[in-house]
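Structure for this input, please:
(2 chains, ligands or ions: 2)
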Amino acid sequence: MIEMDEIQKRILKEVADLHDVPEGAYNIRANGKSLGRESTENIEIIPRDTGDGLTIRIKPGTKRESVHIPVVLSESGLKETVYNDFYIGEGSDVVIVAGCGIDNCGVQDSQHDGIHRFFVGQGARVKYVEKHYGSGDGRGKRILNPVTEIYMEEGSSAELEMVQIKGVDDTNRVTKAELKAGAGLVVRERLMTHDEQKAISTYSIDLNGEGSNADLVSRSVARGSSYQKFDAVINGNAPCSGHTECDAIIMDRGRILAVPGLKANDVDASLVHEAAIGKIAGDQIIKLMTLGLSEEEAEEQIINGFLK
Amino acid sequence: MLELKNVSFGVDGNDGGKEIIRDVSLTLPDDKLVVITGPNGGGKSTLARLIVGIEKPVSGNIYLDGEDITEMSITERAGRGIGYAFQQPVRFKGIEVFDLIRLATGKKISSADACEYLSAVGLCARDYIKREVNSSLSGGELKRIEIATVLAKQPRLAIFDEPEAGIDLWSFGNLIDVFAGMRRKIKGSSILIISHQERILNIADEIIVLKDGRVSAKGSREEILPELINTSVAVGYCNGVKGETADD
Ligand SMILES: Nc1ncnc2c1ncn2[C@@H]1O[C@H](COP(=O)(O)OP(=O)(O)O)[C@@H](O)[C@H]1O
Ligand SMILES: [Mg+2]
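Ligands and ions are numbered 1, 2, ... in the order given. A predicted model of the protein is given here:
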């Protein structure tokens, strides 16, 4: 039976929408140890000998199954690096929910660096959802540095939803992808930083196969004195199509740097980048105020919608 | 009842500034439908923005039911029952039509409630309720959603800024039904419509003509409408007031 305290339960709810033990395959990691693990007939979760991560094997043809691997840190001063490898069998169709929540009430920094590698088999489909959340009022920082690598076989598709809305002080996200022919990658990133927070998000996507395609959209809000850097490179090495979009709202004294990078190494590569940074449009606030909202309430609704 | 007393408004500019509203005084009685018309650039939208609180007058005062609201914020005026359908409605990324209607009502509502307002403006509610109020909507759709938000707000004083624009697939008759419905449902409500359309002028109790920031004529429909039509040239009333040539 899995024993969790109230803080752990609360964080788990934030990062994985879990109230209790998930259905299907799962591993719950709390303060550096596995609290519970369950494999299923088609999805095998094997801990690494070194105790610092998992190997997850999904049998070819597995359909409509899910894997939950949430991580909770509720002890101040804990620092860990975790390696998870996912082997997603040919023709399977699965959802993987990861996510990390840190509650730091102490003075020491807490840090979780998750290194996730996905090997997506031919014709397989995977949806990966990753939510990051920080809480606790200690002076110790909450630090998350996720690395995501995706290797996509022919005709496979992957959809990544990465959300970090609140409470993470420092984050350096690195996402790499390599796509073979006919593979398709969709990334939706939602980021909000506040106070003194810093977030760097770097993407490098290689479109290596004919007909491969990537669509990367980042929506972010920087408030307080926070800083964000969005650095997205798509390399078109074959007849392919790629699109990156950075759509950002700045508030207060927030700062955002967007660095678009498109490299076309094939005459039939078609690559597009869009970037827009600005404060909330004044007429949006005015419209909501005419409906009876205060200026602050209007801003909140606009940002909520924008990051949805 | 809304009263404007000697309201003036202008903007600073490189060329010494510009007066947009010049010493306007007028009264909007309860239970009345008043139409403001006049040439483009005459100051109609600016006058609406002054009433809603988006702009503040340089001089003069605005009273709602005897209370001076000149210095009140947009939110406070909305709370006192003023609603405004923008001439150019605003788009929002991520906010759904349902969200906007819900915010307008100021309470928890079901999708069935929201659908009622959308149906009233001729939109098939099922298709629109989950749509984002973003650039995927056509100008006409957006304009009707804008009208629906004002309906949902149930204001005592509703201002519609050129509501007829973009009603392409919808009919004038329906739009006029919307105004009639509001008058029936909201007791003591007054409606102010900015319009060039003769069919809307035809349902006015009173008409105000605003030209160069000044009220150039006001009175009952019976008094004003024939004048407007007589002074316009043969191309018809609408072109007359729009083209600024009617009275010149
Ligand atoms: N904020 C502003 N700054 C400068 N000029 C403005 C501003 N608002 C309105 N105007 C000018 O005031 C005049 C009246 O505009 P408006 O009220 O929109 O007229 P209408 O709605 O009757 O067409 C126009 O000449 C317009 O360009
Ligand atoms: Mg106007």
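
going forward, measure contacts between C-alpha atoms and count neighbours the same way
OK.

what about the strands in chain B?
Along chain B, the stretches classed as strands by DSSP state E are B:2-11, B:18-28, B:33-37, B:59-64, B:67-68, B:82-85, B:157-161, B:190-194, B:206-211, B:214-220.

nope, the stretch 151-300 of chain A is what I meant
A:157-166, A:170-179, A:184-193, A:198-207, A:212-222, A:227-236, A:240-250, A:255-264, A:269-278 (DSSP state E, counting those that start in this stretch).

any idea which of the ones you listed is most buried?
strand A:212-222 (a mean of 24; mean count of other Cα atoms under 10 Å in any protein chain shown).

Okay, the nearest residue to B:Val178 once chain neighbours are set aside and chain A: tell me how far apart.
Excluding its sequence neighbours, the residue lying closest to B:Val178 (Cα to Cα, 6 or more residues apart in numbering or on different chains) is B:Ala120, at 6.7 Å. Counting by Cα to the nearest Cα, to the nearest Å, the gap from B:Ala120 to chain A is 19 Å.

OK, contacts around the residue in chain B that chain A sits nearest to?
Residue of chain B nearest chain A, by Cα to the nearest Cα: B:Gly94 (4.3 Å). If you count contacts by Cα atoms under 8 Å, 6 or more residues apart in numbering or on different chains, B:Gly94 has them with A:302, A:304-308, B:132-134.

Need the nearest residue in space to it, chain neighbours excluded.
A:Gly305 is the one closest to B:Gly94 (Cα to Cα, 6+ apart), at 4.3 Å.

mean confidence score for stretch B:32-48?
Across stretch B:32-48, the average pLDDT comes to 96.

returning to that earlier point: buried deepest among the strands of chain B, which one?
Comparing these by mean neighbour count (mean count of other Cα under 10 Å), strand B:82-85 comes out on top with a mean of 28.

and stretch A:279-298, anywhere near ligand 1?
No. Figure legend: stretch A:279-298 not in contact with ligand 1 (Cα under 6 Å from any ligand atom); closest approach 12.5 Å.

Return the set of buried residues in that stretch.
Using 16 or more other Cα atoms under 10 Å in any protein chain shown as the test for burial, stretch A:279-298 gives A:280, A:284-294, A:298.

Which members of these are the farthest-apart pair?
A:Ile280 and A:Gly292 (18.1 Å; Cα to Cα).

Would you check that A:Lys180 makes contact with A:Glu153?
Yes. A:Lys180 is within contact range of A:Glu153, at 5.4 Å (criterion: Cα atoms under 8 Å).

What parts of chain B come near ligand 1?
Checking chain B against ligand 1 by Cα under 6 Å from any ligand atom, the hits are B:11, B:20, B:40-46.

can you redo these as a markdown table with distance to A:Met251?
Below are these laid out as a markdown table (distance: Cα to Cα, whole Å):
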| residue | distance to A:Met251 |
| --- | --- |
| B:Val11 | 27 |
| B:Ile20 | 32 |
| B:Asn40 | 36 |
| B:Gly41 | 34 |
| B:Gly42 | 36 |
| B:Gly43 | 33 |
| B:Lys44 | 33 |
| B:Ser45 | 29 |
| B:Thr46 | 28 |
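
Buried ones among those?
Buried subset of the residues of chain B next to ligand 1 (neighbour count, 16+ other Cα under 10 Å): B:20, B:40, B:42-46.

ok, now which ones touch residue 143?
Just so you know, I chose chain A. When the contact criterion is Cα under 8 Å, 6+ apart, the partners of A:Ile143 are A:109-112, A:168-171.

Sorry, I should have been clearer: chain B.
Applying Cα under 8 Å, 6+ apart, we find B:Lys143 in contact with B:88-89, B:163, B:165-167.

Which members of those are classed as buried?
Among the contacts of B:Lys143, those classed as buried by 16+ other Cα under 10 Å are B:89, B:163, B:165, B:167.

Phi and psi next, for the third one.
Dihedral angles of B:Ala165 (phi, psi; degrees, to the nearest 10) stand at phi -60, psi 130.

would you list every one of the helices in chain A?
Ranges of helices in chain A, per DSSP state H, are A:6-16, A:282-290, A:295-306.

Nearest approach to B:Leu201 belongs to which of the ones you listed?
Nearest of the helices of chain A (Cα to Cα): helix A:282-290, 25.6 Å.

ok, and does that closest one reach over to chain B?
Yes. For helix A:282-290, a contact with chain B is found by Cα under 8 Å from any Cα of the partner chain, at A:283-284, A:286-290.

Among those, which one lies nearest to ligand 1?
Using Cα to the nearest ligand atom, A:Asp283 comes nearest to ligand 1 of the residues of helix A:282-290 next to chain B, at 12.5 Å.

Can you name the residues that contact the closest one?
Counted by Cα under 8 Å, 6+ apart, A:Asp283 has contacts B:Val90.

What of A:Gly106?
A:75-77, A:137-140 are the contacts of A:Gly106 under Cα under 8 Å, 6+ apart.

What score does it have for pLDDT?
pLDDT for A:Gly106: 85.

That one and A:Leu73, how far apart?
Note on A:Gly106: its distance to A:Leu73, by Cα to Cα, to the nearest Å, is 12 Å.

low-scoring stretches of the chain, by residue?
Unless you meant another one, I'm taking chain A. Across chain A, the ranges flagged by pLDDT under 70 are A:1-2, A:18-21.

let's do chain B instead
B:168-170, B:231-248.

Tell me the spacing between the nearest residue to A:Leu288 once chain neighbours are set aside and B:Arg49.
Spatially, and ignoring its direct neighbours in sequence, A:Leu288 is nearest to A:Ala298 (5.6 Å; Cα to Cα, 6+ apart). Distance, A:Ala298 to B:Arg49, using Cα to Cα: 18 Å.

Now do the contacts for A:Asp137.
Shown in contact with A:Asp137 (Cα under 8 Å, 6+ apart): A:104-106.

Is any residue of stretch A:213-232 near chain B?
No. For stretch A:213-232 and chain B, the contact criterion (Cα under 8 Å from any Cα) is not met; the two come no nearer than 10.4 Å.

Kindly export that stretch (C-alpha atoms) in CSV.
Extracted in CSV, the C-alpha atoms of stretch A:213-232 (Å, rounded to 0.1, in the frame of the first residue of the first chain):
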residue,chain,number,x,y,z
ASN,A,213,7.3,17.5,-39.8
ALA,A,214,7.5,19.5,-36.5
ASP,A,215,5.2,22.1,-35.0
LEU,A,216,6.5,23.8,-31.9
VAL,A,217,4.4,26.4,-30.1
SER,A,218,5.4,28.1,-26.9
ARG,A,219,3.2,30.4,-25.0
SER,A,220,4.6,32.1,-22.1
VAL,A,221,4.1,34.9,-19.5
ALA,A,222,6.9,36.6,-17.7
ARG,A,223,5.8,38.7,-14.7
GLY,A,224,7.6,40.2,-11.7
SER,A,225,11.3,40.6,-12.4
SER,A,226,11.5,37.2,-14.1
TYR,A,227,13.5,36.3,-17.1
GLN,A,228,12.9,33.8,-19.9
LYS,A,229,14.8,32.7,-22.9
PHE,A,230,13.3,30.7,-25.7
ASP,A,231,15.8,29.3,-28.1
ALA,A,232,14.4,27.0,-30.8
